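*Asks:* pasting a predicted model and its sequence here:
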2 protein chains.
Amino acid sequence: MNQPLQKISTENGRKTTGTQDELVYAHIFDAILEQRLAPGTKLNEESLGEIFGVSRTIIRRALSRLGHEQVVVLRPNRGAVVASPSIEEARQIVFARRIVEKAVTELAIENAQPAQLVQMKQLVVDEQSCFARGDRGAGIRLSGEFHLQLAIMANNPPLLSFQRSLVSQCSLIIAQYESGGKSHCSYDEHFELIDAIEQRDKQKAVRLMMHHLDHIEHKLSLDETGASDDLHAVFSNVVGKK
Amino acid sequence: MNQPLQKISTENGRKTTGTQDELVYAHIFDAILEQRLAPGTKLNEESLGEIFGVSRTIIRRALSRLGHEQVVVLRPNRGAVVASPSIEEARQIVFARRIVEKAVTELAIENAQPAQLVQMKQLVVDEQSCFARGDRGAGIRLSGEFHLQLAIMANNPPLLSFQRSLVSQCSLIIAQYESGGKSHCSYDEHFELIDAIEQRDKQKAVRLMMHHLDHIEHKLSLDETGASDDLHAVFSNVVGKK
DNA sequence: GAGTAGCTGATTGTATACAAAAAAACCAAC
DNA sequence: GTTGGTTTTTTTGTATACAATCAGCTACTC
């Protein structure tokens, strides 16, 4: 027991501080976004502790952080589960993202450094190659990182941290609702967006961004008629019947 | 030792779930917003544990949550201190609030329930009476709660949670920079805002809100020339001199 | 006397033991 | 076979013990 975490951090190209709870957090986070953990999955503290070779204390910290970002939901005395936002919740998240992405896009245009733009292009190339080789999970995660990078360019830490939470939740939504075949939030649009930013064309960039979010939201409507596991929603037609 | 926390929760009119860490969190939070804890104050885990009659485990959870809301800053291996945002950081926070408050105001107008408006009016009355009797700290906190209530009316949970963090940080800023005499973010403006919302006048409401935030930002400029404890900022004029 | 190395006390980080709560299994009655 | 309650087991919540780290001090070197 208690073998150290060793360099599991190098699995993806993310910078890690090296503290244990950071690592555990990052791993669970990635697993959720890459859909190796399905929405609704129970996250048992002791099992996770054994998997990562750390005590429940560390797992607990990681879960609590994930809970604060709304990627998992913490139910008092009942443990944590991977969040599974309803369509209504998904709509609200996308709405909030519209607000934030608009501001972030405009700020990014004002503050973009050439080196950052180069980095972003590389990110989209990586994203593209993920989808090309069929690694949908990693693709969704990189797509999210693109939007995070944009918020970094915007140079407003509070907006960045909100963006982080929203992007995570959106990735979850995409993973949950964008079933199978349909190609998702496409990297083409990301390339176009970078162009618009390079040209410092705020109007165009914002328009592209909104269009981008329309795509996500559109997928939700398609699924609207699907089955639900919310009994109240399912039986809302008989309310007051008794 | 370990006398229970008992009903310290009734000190202010806030609803509490009753779990210990919630209580501790709320108490520290209030203490910071009401300036009983000055920015920069070290928050010793053991001392807090003794004060609240709980173990460090609980204190740690509360601090971690406060840290995530950026009301305290957690320095690894060096403990937590009450945040003391620089003027630059304060500007960024206010900027983010502009974005969110605009969206929240518009949503609130769309979704406002009559009962909620009544509640908000009462809140402003309470706020007013706090300032009238010289309880500046509680006044600042109630003023923040006004803006939170607005976000509740807006009925978008993600925006609400971001608003919570922003309002907290703003209260901290107000407490820190709005020195002495000058009457702060005034309740008159809150009354006007409620009126505009009742009349469903989006343009007017948003205009009032922006005006409101101008006031906060204006205070920052006044302080700009003040002393700083950021050595880089202080000596920025000699950069490259050597 | 300035600067550095090592020591000491205090504080945070982590693991673990135990208590409390919830879930599961079980059994009885109908 | 299903329902209702009781016991057992699992899982979470909290306190605490111990390890690792840091800040401040002393003493030593140059």
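*Replies:* Now that the structure is in, tell me what you want to look at. Residues are numbered from 1 along each chain as shown, chains lettered A, B, ... in the order given.

*Asks:* neighbours of A:K42, how many?
*Replies:* Close neighbours of A:K42, defined as other Cβ atoms under 10 Å in any protein chain shown, add up to 12. Bear in mind the C-beta positions are built from the backbone N, C-alpha and C, glycine included.

*Asks:* that one touches A:G79, doesn't it?
*Replies:* Yes. With contact defined as Cβ atoms under 8 Å, A:K42 counts as touching A:G79 (6.1 Å).

*Asks:* next up, the contacts around A:Q149.
*Replies:* By Cβ atoms under 8 Å, 6 or more residues apart in numbering or on different chains, the contact list for A:Q149 reads A:Q116, A:Q119, A:M120, A:L123.

*Asks:* switch the cut-off to 6 Å
*Replies:* A:M120 (Cβ atoms under 6 Å, 6 or more residues apart in numbering or on different chains).

*Asks:* would you mind checking the average pLDDT for the strand or helix carrying it?
*Replies:* Element membership for A:Q149 (DSSP states H and E) is helix A:136-154. Here helix A:136-154 scores 90 as its mean pLDDT.

*Asks:* next one: stretch A:68-78
*Replies:* 94.

*Asks:* give me the number of residues near A:A83?
*Replies:* Neighbours of A:A83 under the rule other Cβ under 10 Å: 21.

*Asks:* what of A:R200?
*Replies:* Using other Cβ under 10 Å, A:R200 has 11 other residues around it.

*Asks:* give me the most central residue, chain A.
*Replies:* Residue closest to the mean C-alpha point of chain A, counted by Cα atoms, centre = their mean, is A:S168 at 2.2 Å.

*Asks:* contacts for stretch A:74-93, please.
*Replies:* Residues contacting stretch A:74-93 (Cβ under 6 Å, 6+ apart): A:32, A:37, A:39-43, A:63, A:67, A:71-73, A:169, A:173, A:220, A:224, B:156, B:158.

*Asks:* tell me the buried residues in the next helix or strand after the helix holding A:Q149?
*Replies:* Heading C-terminal from helix A:136-154, the first helix or strand you meet, by DSSP H and E, is helix A:157-177. Buried residues in helix A:157-177, counted by 16 or more other Cβ atoms under 10 Å in any protein chain shown: A:158-177.

*Asks:* then stretch A:85-98?
*Replies:* A:P85, A:I87, A:E89, A:A90, A:R91, A:Q92, A:I93, A:V94, A:F95, A:A96, A:R97, A:R98.

*Asks:* for chain A, which spans come out with low pLDDT?
*Replies:* Chain A contains residues with pLDDT under 70 at A:1-18, A:179-185, A:221-242.

*Asks:* quick one: the helices in it?
*Replies:* Assigned by DSSP state H, the helices in chain A fall at A:20-33, A:45-52, A:56-68, A:87-111, A:114-132, A:136-154, A:157-177, A:187-198, A:202-223, A:231-234.

*Asks:* tabulate those helices in JSON lines, adding columns for distance to B:T57.
*Replies:* Formatted as JSON lines, those follow (distance: least, Cβ to Cβ, whole Å):
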{"stretch": "helix A:20-33", "distance to B:T57": "15"}
{"stretch": "helix A:45-52", "distance to B:T57": "14"}
{"stretch": "helix A:56-68", "distance to B:T57": "9"}
{"stretch": "helix A:87-111", "distance to B:T57": "31"}
{"stretch": "helix A:114-132", "distance to B:T57": "40"}
{"stretch": "helix A:136-154", "distance to B:T57": "32"}
{"stretch": "helix A:157-177", "distance to B:T57": "25"}
{"stretch": "helix A:187-198", "distance to B:T57": "44"}
{"stretch": "helix A:202-223", "distance to B:T57": "40"}
{"stretch": "helix A:231-234", "distance to B:T57": "36"}
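
*Asks:* mind putting those helices into a markdown table with distance to DNA strand D?
*Replies:* Formatted as a markdown table, these follow (distance: least, Cβ to the nearest atom of the strand, whole Å):
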| stretch | distance to DNA strand D |
| --- | --- |
| helix A:20-33 | 11 |
| helix A:45-52 | 4 |
| helix A:56-68 | 6 |
| helix A:87-111 | 22 |
| helix A:114-132 | 30 |
| helix A:136-154 | 24 |
| helix A:157-177 | 20 |
| helix A:187-198 | 37 |
| helix A:202-223 | 29 |
| helix A:231-234 | 17 |
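
*Asks:* what about the ones you listed, which gets the closest to B:S55?
*Replies:* helix A:56-68 (12.6 Å; Cβ to Cβ).

*Asks:* where does chain A get nearest to DNA strand D, residue-wise?
*Replies:* Across chain A, no residue is closer to DNA strand D than A:G79, which sits at 2.7 Å (Cβ to the nearest atom of the strand).

*Asks:* re the thing from before, and the contacts of stretch A:74-93, which are buried?
*Replies:* Buried among the contacts of stretch A:74-93 (16+ other Cβ under 10 Å): A:32, A:37, A:39, A:43, A:63, A:67, A:71-73, A:169, A:173, A:220, B:156, B:158.

*Asks:* so the residue nearest to the centre of chain A sits against A:H68, correct?
*Replies:* No. In this structure A:S168 lies outside contact range of A:H68 using Cβ atoms under 6 Å: 11.0 Å.

*Asks:* how about the residues of chain A by chain B?
*Replies:* A:H68, A:Q92, A:I93, A:A96, A:I99, A:A103, A:N156, A:P158, A:L159, A:F162 (Cβ under 6 Å from any Cβ of the partner chain).

*Asks:* relative to A:L74, how far out is the fifth one?
*Replies:* Read that as A:I99. Noted for A:I99: a distance of 26 Å to A:L74, by Cβ to Cβ, to the nearest Å.

*Asks:* the two: which is more packed in?
*Replies:* For A:I99 versus A:L74, neighbours defined as other Cβ under 10 Å are more numerous around A:I99 (22 against 15).

*Asks:* returning to what we had before: quick check: closest non-adjacent residue to the residue nearest to the centre of chain A.
*Replies:* Leaving aside its sequence neighbours, A:S168 sits nearest to A:V71 (Cβ to Cβ, 6 or more residues apart in numbering or on different chains; 5.0 Å).

*Asks:* who are the contact partners of that neighbour?
*Replies:* A:I32, A:A83, A:S168.

*Asks:* now these as TSV including distance to A:Q20?
*Replies:* As requested, the contacts of A:V71 are exported to TSV (distance: Cβ to Cβ, whole Å):
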residue	distance to A:Q20
A:I32	19
A:A83	23
A:S168	21
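
*Asks:* closest to DNA strand C among these?
*Replies:* Closest to DNA strand C, out of all of the contacts of A:V71 and judged by Cβ to the nearest atom of the strand, is A:A83, at 17.1 Å.

*Asks:* could you find the closest non-adjacent residue to that closest one?
*Replies:* A:A83 sits nearest to A:V73 (Cβ to Cβ, 6+ apart), 5.2 Å away.

*Asks:* beta partners of that neighbour?
*Replies:* Applying DSSP bridges to A:V73 gives these bridge partners: A:V81.

*Asks:* pick the one among the residues of chain A next to chain B closest to DNA strand C.
*Replies:* DNA strand C lies nearest to A:H68 out of those, by Cβ to the nearest atom of the strand, at 16.9 Å.

*Asks:* the closest one contacts B:H68, doesn't it?
*Replies:* Yes. Contact criterion Cβ under 6 Å: A:H68 and B:H68 qualify, at 4.9 Å.

*Asks:* okay, now A:K219: neighbour count?
*Replies:* 19.

*Asks:* run through the residues that contact it.
*Replies:* By Cβ under 6 Å, 6+ apart, the contact set of A:K219 is A:Y177, A:E178.
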